[in-house]
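1. Give me coordinates for this.
(chains A, B and C)
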Amino acid sequence: MTIKDYNNLHKNVLHWYDNNKRDLPWRKTKSQKKDAYKIWVSEIMLQQTTVKAVIPYYSSFIKKWPNVKKLSKSNVNEILEFWSGLGYYSRAKNLHNASKIIDKKFKGVFPNNYQDLVSLPGIGRYTAGAILSIAFNKDALVVDSNIERIILRLNAIKKDPKRTRKEVEEIAKKFTPSKRAGDYVQALMDIGSSICKSQNPNCINCPINFLCLAYKKGLTNEIPLKQKKIIKKLKKGIVFWITSKNNNVYLRRRPDNGILPGTLGFPSTKWSEERLTAKEKEFPGINKWDKMSGKINHSFSHFDLQLKIYAKYGFDEMKLKGEWKQKSKIEKIGLPTLMKKIYLHALSVEKSKI
DNA sequence: GTCCAGGAAC
DNA sequence: GTTCCTGGAC
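-> The predicted structure follows:
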């Protein structure tokens, strides 16, 4: 592209943004100056998560923890519970750890350079760039999947996206204007989500269609090149629904690594592709179970899970250390979606028996 | 039911 | 290169 093309790109993208930008809560600020803390929280939530899913979480998060100091003084389990349903739970832990580092090492001042930002847990190259450009208006390198898709299409790059990172970044660097850098990247992201969509892009209404080689060549549906789909494994296991005479249900905190790290859940056997051995099906201290009807199916990014539910009623709470929660209040506890499916199933089975 | 979007850490 | 989740479109 020529210098004139770049100028037209910036002009059209920013003009479109001024008239069409999405009204997102983290874009609302009282003063002109952006609050880096809020941009950071929003960007962490937006990692691998859609805007629509993030909005309700973002608003109540900011109400609860309005600044880094408050967040650093909070309890990590409280943040994990808050995070329930949003997914990728290590983000919650990283947010908490990073807030402590900002409070201590950076004396409460939010870092405004790349090196310090990527040193924080949960902040990688994209999030660092997004914070630098959106919160501090610096012309940082920002390539999220929206921007990547736009660049691939603008330049009609029909290659495996896994092998084009360098090329895309070089183009992104050349594209980014020094003025209104933050507005520019947000504009591209908005165009990417509402016009230059992955499926059925709305090219007619695109402010930069006159520059787009994929549009010119009729290649918008073939770029980005689709990845080969992976076949998911099916894992199976047994989850234990243990209730007490007081009508409490037994939960325990999951380990800090692996799937659903640090979250509360119902105990279970390991989840395995292989048939479980009798020993692997054991639960210490309980050997007689009611096998509940139905199965829980849940799909994670890299495997599908199928769980049977074994139930035990009227168990002595003193014999099992962990968390006993009131059955009637279980819906009030923030639990990951899988655990939510389990208690909804168990409660409805119990209800149908009465 | 199947397919798909969406970054960091290891 | 693999492991981390969920919800929405179809």
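
2. Show me where the stretch 151-300 of chain A has its helices.
-> If DSSP state H, counting those that start in this stretch is used as the criterion, the helices of the stretch 151-300 of chain A fall at A:165-175, A:181-194, A:213-217.

3. Next: the stretch 1-150 of chain A.
-> So, for the stretch 1-150 of chain A - with DSSP H, counting those that start in this stretch - the helices run A:3-20, A:36-46, A:51-64, A:68-72, A:76-83, A:90-104, A:114-118, A:125-136, A:145-154.

4. Give the buried residues for the last one.
-> Residues of helix A:145-154 classed as buried by neighbour count (16 or more other Cβ atoms under 10 Å): A:N146, A:I147, A:E148, A:R149, A:I150, A:I151, A:L152, A:R153, A:L154. (Glycine included, C-beta is placed from N, CA and C.)

5. Can you get me a residue count around A:D256?
-> The number of residues packed near A:D256 is 10, by other Cβ atoms under 10 Å.

6. ok, it touching A:G262?
-> Yes - taking contacts as Cβ atoms under 8 Å, A:D256 lies within contact range of A:G262: 5.3 Å.

7. Now do the shared contacts for those two.
-> A:K93 (Cβ atoms under 8 Å, 6 or more residues apart in numbering).

8. thinking again about what came up before, where among the helices of the stretch 1-150 of chain A is average confidence lowest?
-> Sorting the helices of the stretch 1-150 of chain A by mean pLDDT places helix A:3-20 lowest, at a mean of 89.

9. re the thing from before, using CSV, lay out the helices of the stretch 1-150 of chain A together with distance to DNA strand C.
-> CSV is the format used below for the helices of the stretch 1-150 of chain A (distance: least, Cβ to the nearest atom of the strand, whole Å):
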stretch, distance to DNA strand C
helix A:3-20, 19
helix A:36-46, 12
helix A:51-64, 5
helix A:68-72, 19
helix A:76-83, 9
helix A:90-104, 6
helix A:114-118, 15
helix A:125-136, 12
helix A:145-154, 13
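
10. Relative to DNA strand C, which residue of chain A is the closest?
-> Across chain A, the shortest distance to DNA strand C (Cβ to the nearest atom of the strand) belongs to A:S301, at 2.7 Å.

11. how much space is there between that residue and A:G87?
-> 9 Å (Cβ to Cβ, to the nearest Å).

12. Comparing these two, which residue is more hemmed in?
-> Shown here are A:S301 and A:G87; by other Cβ under 10 Å, A:G87 has more neighbours (16 against 10).

13. Run through the residues that contact the residue lying closest to the more buried one once chain neighbours are set aside.
-> Once flanking residues are discounted, A:G87 sits nearest to A:T49: 6.6 Å by Cβ to Cβ, 6 or more residues apart in numbering. Contact analysis of A:T49 by Cβ under 8 Å, 6+ apart lists A:L86, A:G87, A:Y88.

14. List the ones among those residues that fall in strands.
-> Judged by DSSP state E, these include no members of strands.

15. quick check, nearest of those to A:K281?
-> For those, the minimum distance to A:K281 (Cβ to Cβ) is 28.7 Å, reached by A:G87.

16. OK, contacts around that closest one?
-> When contacts are counted by Cβ under 8 Å, 6+ apart, A:G87 touches A:Q48, A:T49, A:P336, A:T337.

17. ok, which of these also contact DNA strand B?
-> Restricting these to those touching DNA strand B (Cβ under 7 Å from any atom of the strand) yields A:Q48, A:T49.

18. Tell me the one of the contacts of A:G87 nearest DNA strand B?
-> A:Q48 (3.3 Å).

19. Leaving out chain neighbours, which residue sits closest to that closest one?
-> A:Y88 (6.0 Å).

20. Check A:N137 too.
-> A:N137's closest residue in space is A:G182 (Cβ to Cβ, 6+ apart), at 4.6 Å.

21. same deal with A:W40?
-> Taking Cβ to Cβ, 6+ apart, and ignoring the residues beside it in sequence, A:W40 has A:I131 as its nearest neighbour in space, at 5.7 Å.

22. Might one say that the one you found is in contact with A:I44?
-> No - counting by Cβ under 8 Å, A:I131 does not reach A:I44; the two are 9.9 Å apart.

23. Give me the common contacts of the two.
-> The contact sets of A:I131 and A:I44 overlap at A:I123 (Cβ under 8 Å, 6+ apart).
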